[in-house]
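**Q** below are the sequence and a predicted model; questions follow.
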Amino acid sequence: MALKDLVPMVPAVPINRYLWSKIAELDPDFVLEYEGVQPFFPLGESASGDTPWKDKPSFVYDRMMVINPNPFYPIKKEQIHYALKANPSDSMALGSAIQYILDGMDDVAQDINAYNADKDYGIFFHHVRVFQTSTQVSSSGAQRNYTTNQFYVSKFIIETAYHYNERKALLNR
Amino acid sequence: MIVIDTKEFEKTMKNAVQYAQGFIDGIQFKEPIFHNELGQAIKVLCGKYIDSSAKLDPESLHHVYEWGNVGNEGARLFDIVVLADTQFIRFDFNFKQSTTMAPNATTPFFNKAEIMESGRSVVVQPSQSDTLVFEGEDGENVFTTDQVVIENPGGVQTNGAFDRVVKEFFLVYLKQGMLRSLLKDLETADEFIVGWGNNARYNTGMKQGKEYLSVTGGIV
């Protein structure tokens, strides 16, 4: 059993899995185009590569920070920074979808926990919320310049509070 | 005749008033320290936000890091300076000189962050001979006696990108990502209730007032 199977999963993994499943419910044809791959890539762009996703929207994410908001340390708050790279129409639709699906505080946290119950990720979500930080009307228009940047880069913060559980794989070892 | 002894009542009320006064004085005493704590916390968050933005969109923000280290905290080419007082918290951003060399270069790019951010063109001319030699786009060496003008040395996407991400942080992220929860915490002065009781005095009030106006929690 490898280390990755024993320690709790990072919050982004179950969140991405849930998000992609909800997008699939809303638009199955869109998800089929990805041939079974979830287009969420951690850290730098190099992880995603350009070729497979050149004409399709993709997400790059970074665990921006983990915050211990109070002395009860088991509950952690994390902010995950997402960059959605897509053409203008997909950018609008997917940006709206993310907020529609994930911006629901403890209701969404319950749904994520329920959806990932089969996966033994070792993480329990308390709440999830989303806010967009760029490509808003109030921000600079430079990122919308179609002549120099054909893909929009829309940035979101997904904020979540969670605690870790023992994974079954570790308990049964 | 009925006699009511109000000594205990007066004592309790006196302590309560002193406790409340101590709480307010504690807040006033702590205010400039709180501004500094808040400023330092915002500075850490701002740095992390810029690092993260750079990792997600390296083409726009590579110029404010040393070569090949985009998003690395230790390779930042900017400093954030916080100045806090009772009336304000001020943030100054300064660019630093790059000390590392680009691939195939022999000297650091002078004022790299500032030049690429402003989109200024760079003129390269031979300094130790009459001929300039550099690698062309096809990988072949190019020899020229003319000066070479490089428009947008960091690429067009770096122009104003640092300015944009800093504005994005202060205008959008800060309110949603940090101040929202801080203001929510300050709405209810739980610390006042915690210190309330038989031992409530001016000093305990002051201690709780200082506790109330604190930036708590750690960031990783």
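**A** Looks like it came in fine.
**Q** report whether residue B:199 is found in a strand, as I expect.
**A** No - Residue B:199 sits outside any strand when classified using DSSP: H, G, I helix; E, B strand; the rest coil, being coil.
**Q** report the contact partners of it.
**A** With contacts taken as CB atoms under 8 Å, 6 or more residues apart in numbering or on different chains, residue B:199 has no neighbouring residues. (Each C-beta comes from the backbone N, C-alpha and C, glycine too.)
**Q** helices along chain B, start to end?
**A** For chain B, the helices defined by DSSP state H cover B:7-56, B:58-61, B:112-118, B:161-168, B:180-187, B:190-195, B:202-212.
**Q** quick one, the fifth one and helix B:7-56 angle?
**A** Put simply, helix B:180-187 runs at 180 degrees to helix B:7-56, going by axes from the mean of the first three to the mean of the last three CA atoms, to 10 degrees.
**Q** most centrally placed residue in chain B?
**A** Nearest to the geometric centre of chain B sits residue B:43, at 2.0 Å (CA atoms, centre = their mean).
**Q** hmm, that residue is touching residue B:82, no?
**A** Yes - counting by CB atoms under 8 Å, residue B:43 touches residue B:82, with 5.1 Å between them.
**Q** any common contacting residues for those two?
**A** Both residue B:43 and residue B:82 are in contact with residue B:91, where contact means CB under 8 Å, 6+ apart.
**Q** just name the shakiest helix or strand of the chain by mean pLDDT.
**A** I'll assume chain A. Sorted by mean pLDDT, DSSP states H and E, the helices and strands of chain A end with helix A:168-171, the least confident at a mean of 74.
**Q** buried residues in that one, which are they?
**A** Of all the residues in helix A:168-171, not one is buried under the rule 16 or more other CB atoms under 10 Å in any protein chain shown.
**Q** swap in stretch B:2-18?
**A** Buried residues in stretch B:2-18, counted by 16+ other CB under 10 Å: B:15, B:18.
**Q** which parts of chain B sit against chain A?
**A** Within chain B, the positions near chain A by CB under 8 Å from any CB of the partner chain are B:45, B:48-49, B:52-53, B:55-58, B:60, B:70-71, B:156-157, B:159-161, B:164, B:167-168, B:171-173, B:176-177, B:181, B:216-220.
**Q** where are the low-confidence patches of the chain?
**A** Looking at chain A here, since you left the chain open. Confidence mapping of chain A against pLDDT under 70 gives the ranges A:44-54, A:69-71, A:135-151.
**Q** my bad, the chain I had in mind was chain B
**A** The model of chain B has pLDDT under 70 over residues B:216-220.
**Q** against residue A:37, how distant is the closest residue to chain A within it?
**A** In chain B, the residue found nearest to chain A is residue B:56; the distance is 3.8 Å by CB to the nearest CB. Residue B:56 sits 19 Å away from residue A:37, going by CB to CB, to the nearest Å.
**Q** those two: which is more packed in?
**A** Neighbours per residue, other CB atoms under 10 Å in any protein chain shown: of residue B:56 and residue A:37, the larger number sits with residue B:56, 25 against 13.
**Q** with adjacent residues omitted, what lies nearest to that one?
**A** Distances taken as CB to CB, 6 or more residues apart in numbering or on different chains put residue A:83 closest to residue B:56, at 3.8 Å, once the chain neighbours are dropped.
**Q** now whatever residue of chain A ends up closest to chain B, what's its secondary structure?
**A** In chain A, the residue that lies nearest chain B is residue A:83 (3.8 Å; CB to the nearest CB). Under three-state DSSP, residue A:83 falls in the strand class.
**Q** now do the contacts for it.
**A** Per CB under 8 Å, 6+ apart, neighbours of residue A:83: A:59-61, A:153-155, B:56-57.
**Q** kindly recompute the last result at 6 Å.
**A** A:60, A:153, A:155, B:56-57 (CB atoms under 6 Å, 6 or more residues apart in numbering or on different chains).
**Q** and the closest residue to residue A:12 other than its chain neighbours, how far from residue B:77?
**A** Distances taken as CB to CB, 6+ apart put residue A:80 closest to residue A:12, at 5.2 Å, once the chain neighbours are dropped. Note on residue A:80: its distance to residue B:77, by CB to CB, is 26 Å.
**Q** just checking, what packs against the least confident helix or strand of chain A?
**A** When contacts are defined as 3 or more CB pairs under 6 Å, 6 or more residues apart in numbering or on different chains; DSSP states H and E, helix A:168-171 sits against helix A:3-6.
**Q** which strands or helices does the helix it packs on pack on?
**A** Secondary elements touching helix A:3-6 (3+ CB pairs under 6 Å, 6+ apart): helix A:168-171.
**Q** who touches the helix it packs on?
**A** By CB under 6 Å, 6+ apart, the list of residues contacting helix A:168-171 from outside reads A:1, A:5-6, A:120.
**Q** and the residues you listed as a markdown table, adding neighbour count?
**A** Converted to a markdown table, the contacts of helix A:168-171 look like this (neighbours: other CB atoms under 10 Å in any protein chain shown):
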| residue | neighbour count |
| --- | --- |
| A:1 | 10 |
| A:5 | 13 |
| A:6 | 14 |
| A:120 | 18 |
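**Q** any idea which of these is the one closest to residue B:91?
**A** Distance to residue B:91 across those (CB to CB) is lowest for residue A:6, with 42.8 Å.
**Q** excluding its backbone neighbours, what's nearest residue 130?
**A** I went with chain A, as the question did not name one. Excluding the flanking residues, the one nearest residue A:130 by CB to CB, 6+ apart is residue A:103, at 4.4 Å.
**Q** chain B is the one I meant
**A** Nearest non-adjacent residue to residue B:130, counting by CB to CB, 6+ apart: residue B:145, 5.5 Å away.
**Q** just the buried ones from the residues of chain B next to chain A, in PyMOL syntax?
**A** Buried members of the residues of chain B next to chain A, defined by 16+ other CB under 10 Å, are picked up in PyMOL with:
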select buried, chain B and resi 45+48+49+52+53+55+56+57+58+60+70+71+156+157+159+160+161+164+168+172+173+176+177+217+219
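**Q** circling back to that earlier point, list the contacts of the residue of chain B closest to chain A.
**A** A:60, A:62, A:83 are the contacts of residue B:56 under CB under 6 Å, 6+ apart.
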